[in-house]
Every structure is written in C-alpha cells, then in structure tokens.
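Enquirer: From the sequence below, what's the structure:
(6 chains)
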There are 4 protein chains.
Amino acid sequence: MRIKDESKHEAIMQATIQLVNEIGFVATSISKIAKIAEVSPATIYVYYANKEDLMVSTYVDIKKKLSQAILRDFDESLPIRDIFKKFWYNSFDYIGQFPHYFQFTEQFSSSPFSDLVNKEAVENSYAQMMQVIQKGITQKIIKDVDFDILTTFMFYPIFTLCNKRLCQSFSKTEHNIEKAFTLAWDAIKL
Amino acid sequence: MRIKDESKHEAIMQATIQLVNEIGFVATSISKIAKIAEVSPATIYVYYANKEDLMVSTYVDIKKKLSQAILRDFDESLPIRDIFKKFWYNSFDYIGQFPHYFQFTEQFSSSPFSDLVNKEAVENSYAQMMQVIQKGITQKIIKDVDFDILTTFMFYPIFTLCNKRLCQSFSKTEHNIEKAFTLAWDAIKL
Amino acid sequence: MRIKDESKHEAIMQATIQLVNEIGFVATSISKIAKIAEVSPATIYVYYANKEDLMVSTYVDIKKKLSQAILRDFDESLPIRDIFKKFWYNSFDYIGQFPHYFQFTEQFSSSPFSDLVNKEAVENSYAQMMQVIQKGITQKIIKDVDFDILTTFMFYPIFTLCNKRLCQSFSKTEHNIEKAFTLAWDAIKL
Amino acid sequence: MRIKDESKHEAIMQATIQLVNEIGFVATSISKIAKIAEVSPATIYVYYANKEDLMVSTYVDIKKKLSQAILRDFDESLPIRDIFKKFWYNSFDYIGQFPHYFQFTEQFSSSPFSDLVNKEAVENSYAQMMQVIQKGITQKIIKDVDFDILTTFMFYPIFTLCNKRLCQSFSKTEHNIEKAFTLAWDAIKL
DNA sequence: GATGAATGAGTGTTCATTCAT
DNA sequence: CATGAATGAACACTCATTCAT
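Expert: Okay, here's the model as predicted:
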C-alpha cells in the first residue's frame, strides 16, 4: 500500500489557514482548499472526516502551539506581576511571529464551528495562569472580582490590540506593549 | 413611482437580524430571509443592491441606534470619570435591553462584510467620547498613551463581558458592572 | 412575475419516467433528468422539494391514472366473475397502452422510496374491488382464505405476466389473456 | 502465488448480503462492504472484477443454493400433484429458514444488474420441474397453456407471499401454506 | 413596486476504481 | 495476496441573482 503522504496533510492545513485568512470562514470551501493544496477534494476526506473536522482539528492544533509558546519559561516562583508580564510578552511575541495562526483563531472563535471544540482540552493550557491569579487574589495583590472580569482586562486586550481590524494605529513596539501592560496591571491590581 | 413599503423594509431587516442570530452568518441566505419576512426573494433586491448591501446596511442601522442610546444624557460639563461611567452604564443598559441587536453586530464584526463598512460614518458617533478622552489626557487625568490602547481597555471590555461565548459566568448585575467599571477606570486613569 | 411553465413540469415528469425505465432507479439522477428535460437541475427543485418528492409524486400520479383506468365501467350489479373479468381486461388494456407507466411503477415498488408512499391513498382505489371479493366470500363463490392469498392469485399475476423480465414468451393476445384469467378464476373460486 | 483467503471471500459475500438487506442496493457501496467484511476496498477487487461482478456472483451463488434446497427429495415417480406440493413446501421452508438470502434475490431481481445474469445457468435448475409440468400437460392433468402463464401461478405466488412488502397479513403457518397451495393447484390443474 | 420562476455556479460529500507498496 | 492512499467524476442540493410579468 501507498504510504500516507505527510506533505499532503500539511499542505491541506496550510491552505486552510491561508484561505480562512484571505477570504474568511464563510467563503472557504473544500474545493478551494483542494485547489490551493494541489490535491483532489476527495483527498481531504482521507485526512478529515468532514469540513467541521478539518476546521476544528486545524484550530486545536494551532491552539496547542499557541499555549505552549505563551507558557514558555513559566516560573511559578517569580512575583505575580512578573509572571503576568512574561505571559503578556510571550503572547505578543508569538502572535507577532505567526500572525496568520492568530488570525485564523480569531476568525474561528466567532464561527459556528467554535461551539464544537472541546473547551476543556484547550482551556487546560490556561489552568496554570488561573492558579497564579487565584494566588494573587488570596495574597490581596489582585482585585477579588469575578474571573470573567479579570480575564477580560488581562487576556482579551492582547487579542484586541493584535487585531488589525480593531486596532489600526497600534504598532507592536516595545514601548507600546509596555504601556499596554501597565494598563492591564493597573486594572487588575488591588 | 409607488412608495416603497416601509413595513416590508422593516420586516426584511428584522428577519435578517433574527436569522443571523439563530443560525449564523454562513447559513443566513436571501431565500430564508425572504421566507421569514414573508416577501419574495426578488423583493429584497428592490430595497438592497445585493446581499452585501443588505448586511452592511442592517449593521450600520443598528450601530446608529446603539450610539444614540449610548450617548443618551451626555453632559460635557460633568467630571470626566462621571461622563465615562454614564457611557459605561448606558452601554450595558442598551445591550441588556436589545441583546439581539448586539449579537448581530458581534457576528457581523468578524464576518468578511465587516471590511466594507464606512468606518468613519460609524465611528463618528464616538467622536464626542474621543474629545472627552483627549481632554482627560490634557488635564493629566487619563494616561497619555496610544488611543487604541485606551479604547481597548475602555470600550471593548463591555463587548467582551456581554458576549455569552466569551464570558459565561459573568452576570450583568449592578454590582458586577460597577466592579468592571472600576477595573476599566483604574486601567486608564493616571 | 413569470408564470409557472406547465410544459417544464410535464417534461420533468416524462424525463423521470423515461430514465427510470431505461437505466433504473439507482442510476437516475437529478442532473440526468434535468439534461433530458432540458432544464437546469435547480429548476426541478422549483417543482419538487427533493428527489424523493419527485419520485413519489410521479409514482402517485401514475397510480391514480392506473386505478381510474382499471375501474373503468365498474358495475357492481354484474355477476362477480364478470366484474373481476372486466377488471382483468381493463388492467391488460391499460398496461398494454402505457407500458412505460407500468414499468415505472414496477421499478418504483421495489425501490427504497416505496416505503414513503401514503399506502392508504393509493390502495383506496382498490377498496371497491375488495368489497366485491368480500361479497364473493359471503356468497360462497370465492374461497374463504386470507386476503393476501387471494390478491396474490388475482392481482399480482397481471403484473407478473406484463413484466417483460419475468415473462418473455407470453404475448398479450386475447387468447392468452382469456386463458390467464381462467387460471386466476379457477384459483380463487370455490 | 499465495492462495486466496476463502474466509475473506465469504466475509465479503456475507457483508454484501447483509448490507443490501439493511440499506438497499442503492446505498450499498464497495467501501461500506469492505468496512463490514473487515477488508480493504482494494481487496474486493482481488476477488471480483468490479461491483457488478460482485453483485451478480453473489446472486448466482444464492440462486444455486436455493434451487438445490427446493429440489430436495425430488422424486419423479410420485404423482404430479405431490411433486408440485413437495416443491411448494420446500420453497417455503427454505425461504423461512434463510430470509436474508431470499430478500437479497428480491432486491436484486428488480435492480439493473438483473439483466446481466446468465439466465440459462440459473433456470437450468428448474429444468426438472419443467419436465414434470410438460408431463402433466401431456397426461391432461395440467392445463395446456403458455408456460409463462403456468409459472406465474405456480412459482411466483411463493415469492409474492413471502415478500413482506406485498403481503403484510399473510403468516407462513402450515394452514395458510396449505390453503395457498390449493389455490395454485386449482389454477393450473385441468 | 412586487414577485414567483428560472438558473449557472457552487456547496460538502461519496463513489467505484487504480496505484504504489 | 493484500492494502491504505489517492482521485476524477458524480451525487443531491442551495445559493445569490435576474427575468418576465
């Protein structure tokens, strides 16, 4: 039998990411992906059960890479502010380096497929950060409010600032990132 | 020329909003809108040039209503923090009252149609808020950083917190909204 | 608005019957029907909800014509044998005249769509014949056995004999039909 | 050359019969058969030239088993009515015992593949019965009519009565089979 | 102004079959 | 002999849009 051609698999994923970035989720079709990946539409179904599976798998794959990058050099023993700052910089670094990955996840998050992801599996990556926040609250360093409120001011601003559509003037300079971090920290600190 | 039937126009818009909320942008088609609005698909083309025009017009229409509601009782003479707080509460009020309008704009923002909106027209509504911010910076009440950074911590958190997908535990109680506002203000104030 | 073109509807039905006869149910596809009827595949969906609807509607339509033809000159007052004989001849007449209609129903009966037909609606047409049989049993002219057994020897032989696949030597001459009827009557009579 | 694995061959045939019975001819595909038989789709092509060959071979195979069962204890010396009765009971026995074989042949008979069977090969099995009938005609025990007419009343009723779709009330009790045989014999006897 | 009919282009998906191993 | 990978062609069906009335 023929051996599964891993380069085909990779080509399909890259074509998927590229197309979703270029024309959006709505317009991205199996046949267009196939054309760009230079395979037959039927070949895609050798690797994925259906379109949903293709999209979700690609998303989860990217999310894993992202969470690994973000938690790089994670050191629980540092002061809470420093842990948080490290996380903040890692995020901007990674997104700056792989903007198309980030863009894909942004598009995906607001697509109907989004509901199908096993949230636990993905959010697990953030469990460590959650523990740090909990510690910060206990130690009266961070405000004692609903977790959704805290994440809204700590994590989502990163995505908002990196989103070209939302932030057109913001450039990811050292200075700007530092400033933005200051706002985030001022928001959550007691 | 016969006068265009304004009730039909309204029915089409309402059907559009309803469908986008129920089944998402991808699945919302002209024929489904027509069925719910109880008109012929062809009739929709009497009022809109094409699907894109329908979506964008509906979006702009909602955005106008939203900005009017948000700027209700705007009083330039109040202290900056109070003006900002008024804005904050107006926003939560309006979104709580018309969640389907808000949900539509959220879906729209991440659709490819989003690029087609005349940003200026929409953002004009926020010009007054921008002036207040500018004044705050000048008076050294608000941090002197990029505008994108400020809006990221002042405006977007409202949308994030109201988005059921992103914030599942957050409930729009007086107490929670108050807390969230505190974080926002702490972020931007000097 | 454009008026529904009844000739298109008719063309679709005729193409359906023709194709099912020529290449069978399995191979008959919407696009092939469209090609023969000289319409767009999409046009078929103006007249029918889906393939199933097209097939079932065509079947029911034919079945109605068939039952009307078969019950032509039905006269309850005649002797039972004569009523039955009339029915027998009417059937051979009609099938001889419209063999493609008959062939379609034969193919349809053994297709998976068959289960979807509202049996009652179709079999209602045979209610009158059933009453005659019941009378024949009461008057001790016809054997008192399960109805399925009676119909197996009274009605199905007509279809078997008219089926070219099953009966290759049988030709529908007056003499042969007369003979076949004799067997049927001998089978059911007391 | 390695010896073809007879168990695989058998598994493929059984999977084919099972699937045709469960989901019908239309929906039965090579890949589904392969999945149930636990072989690769490609393996099926080791044993059969193509799908048509698979279906026809399976059919012929079943037909042979059927004709052997039906002619069990065939005794030419018995009275004609007894030979025929024996045949009649053998048939009901066999179909009652292996309903899925019978169901497959029924489905197959009305499929387009049906035309491709070498009729002679199959019908040869019935040659002996044909000779008995011929003898019956010569001895003026059986009506002297077209052979198609005779088989229509002697053989096909068995299939009709066993077909669940056609006969829903008929149950294969000793009493009912006896009754049905009486009708068949009354039909053909002089 | 309003509309149902009509359609070419596209959708996601499955198919029978062949290829390379 | 046996197989998973690979595919062109087809499937049923829906789409946004235009046409004739």
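Enquirer: Against which helices or strands is the longest helix along chain A packed?
Expert: Assignment by DSSP state H gives helix A:6-27 as the longest helix of chain A. If you count contacts as 3 or more C-beta pairs under 8 Å, 6 or more residues apart in numbering or on different chains; DSSP states H and E, helix A:6-27 packs onto helix A:30-37, helix A:41-47, helix A:51-70, helix A:99-109, helix B:6-27. The C-beta positions use only the backbone N, C-alpha and C, and glycine is treated the same way.
Enquirer: is chain B contacted by the following helix or strand past the third one?
Expert: In the C-terminal direction, the helix or strand that comes right after helix A:51-70 (DSSP states H and E) is helix A:80-97. No. With C-beta under 8 Å from any C-beta of the partner chain as the measure, helix A:80-97 is seen stopping short of chain B, the closest distance being 12.7 Å.
Enquirer: Which strands or helices does helix A:80-97 pack on?
Expert: Where contact means 3+ C-beta pairs under 8 Å, 6+ apart, helix A:80-97 is packed against helix A:51-70, helix A:99-109, helix A:127-138, helix A:156-162, helix A:174-188.
Enquirer: what does it rub up against?
Expert: For helix A:80-97, the surrounding residues in contact (C-beta atoms under 8 Å, 6 or more residues apart in numbering or on different chains) are A:66, A:69-76, A:78, A:101-102, A:129, A:132, A:135-136, A:139, A:141-142, A:154, A:158, A:162, A:172, A:177, A:181, A:184-185, A:189.
Enquirer: Run through the residues that contact the residue nearest to residue A:23 when sequence neighbours are not counted.
Expert: If the residues on either side of it in the chain are set aside, residue A:23 comes closest to residue B:112, at 6.7 Å by C-beta to C-beta, 6 or more residues apart in numbering or on different chains. Going by C-beta under 8 Å, 6+ apart, residue B:112 touches A:23-24, A:26-27.
Enquirer: From the residues you listed, which one has the minimum pLDDT?
Expert: Summarising pLDDT for the contacts of residue B:112: the lowest-scoring member is residue A:26, with 83.
Enquirer: What is the neighbour count of the closest residue to it other than its chain neighbours?
Expert: Spatial nearest neighbour of residue A:26, chain neighbours left out: residue B:26 (5.0 Å); criterion: C-beta to C-beta, 6+ apart. A count of neighbours around residue B:26, defined by other C-beta atoms under 10 Å in any protein chain shown, yields 16.
Enquirer: For the contacts of residue B:112, which two are the farthest from each other?
Expert: Using C-beta to C-beta, the contacts of residue B:112 reach their maximum pairwise distance at A:23 and A:26, which is 8.0 Å.
Enquirer: lowest confidence element among the helices and strands of chain A?
Expert: When the helices and strands of chain A are compared on mean pLDDT, DSSP states H and E, helix A:119-123 comes out lowest with a mean of 70.
Enquirer: Tabulate the CA atom coordinates of the longest helix of chain A in CSV.
Expert: Coordinates of each C-alpha in helix A:6-27 appear next as CSV, following Å, rounded to 0.1, in the frame of the first residue of the first chain:
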residue,chain,number,x,y,z
GLU,A,6,2.5,13.8,5.3
SER,A,7,3.3,16.7,3.0
LYS,A,8,-0.2,16.5,1.6
HIS,A,9,-1.6,16.6,5.1
GLU,A,10,0.5,19.7,5.8
ALA,A,11,-0.4,21.3,2.5
ILE,A,12,-4.1,20.9,3.3
MET,A,13,-3.7,22.6,6.7
GLN,A,14,-1.7,25.5,5.4
ALA,A,15,-4.1,26.0,2.5
THR,A,16,-7.0,26.0,5.1
ILE,A,17,-5.3,28.6,7.2
GLN,A,18,-4.3,30.7,4.3
LEU,A,19,-7.8,30.8,2.8
VAL,A,20,-9.6,31.5,6.0
ASN,A,21,-7.3,34.4,6.5
GLU,A,22,-7.7,35.7,3.0
ILE,A,23,-11.4,35.2,2.3
GLY,A,24,-12.9,34.3,5.7
PHE,A,25,-14.7,31.2,7.0
VAL,A,26,-17.8,31.7,5.0
ALA,A,27,-16.1,31.6,1.6
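Enquirer: okay, the angle between it and helix A:99-109?
Expert: In this structure, helix A:6-27 runs at an angle of 50 degrees to helix A:99-109, with axes from the mean of the first three to the mean of the last three C-alpha atoms, to 10 degrees as the basis.
Enquirer: Can you list the buried residues in helix A:6-27?
Expert: Across helix A:6-27, burial judged by 16 or more other C-beta atoms under 10 Å in any protein chain shown covers A:8-9, A:11-13, A:15-21, A:24-26.
Enquirer: Got phi/psi on residue A:72?
Expert: Backbone dihedrals for residue A:72, given as degrees, to the nearest 10, come out at phi -60, psi 140.
Enquirer: neighbours around the nearest residue to it once chain neighbours are set aside, how many?
Expert: Sequence neighbours aside, residue A:90 is the residue nearest to residue A:72 in space, at 5.5 Å (criterion: C-beta to C-beta, 6+ apart). Counted with other C-beta under 10 Å, residues neighbouring residue A:90 total 18.
Enquirer: how much space between residue A:90 and residue A:84?
Expert: Between residue A:90 and residue A:84 the distance, using C-beta to C-beta, to the nearest Å, works out to 11 Å.
Enquirer: do the same with residue A:140
Expert: Residue A:140 sits 16 Å away from residue A:84 when distances are taken as C-beta to C-beta.
Enquirer: Show me where chain A dips below the pLDDT cut-off.
Expert: Within chain A, the stretches falling below the threshold (pLDDT under 70) are A:1-2, A:121-122, A:124-125.
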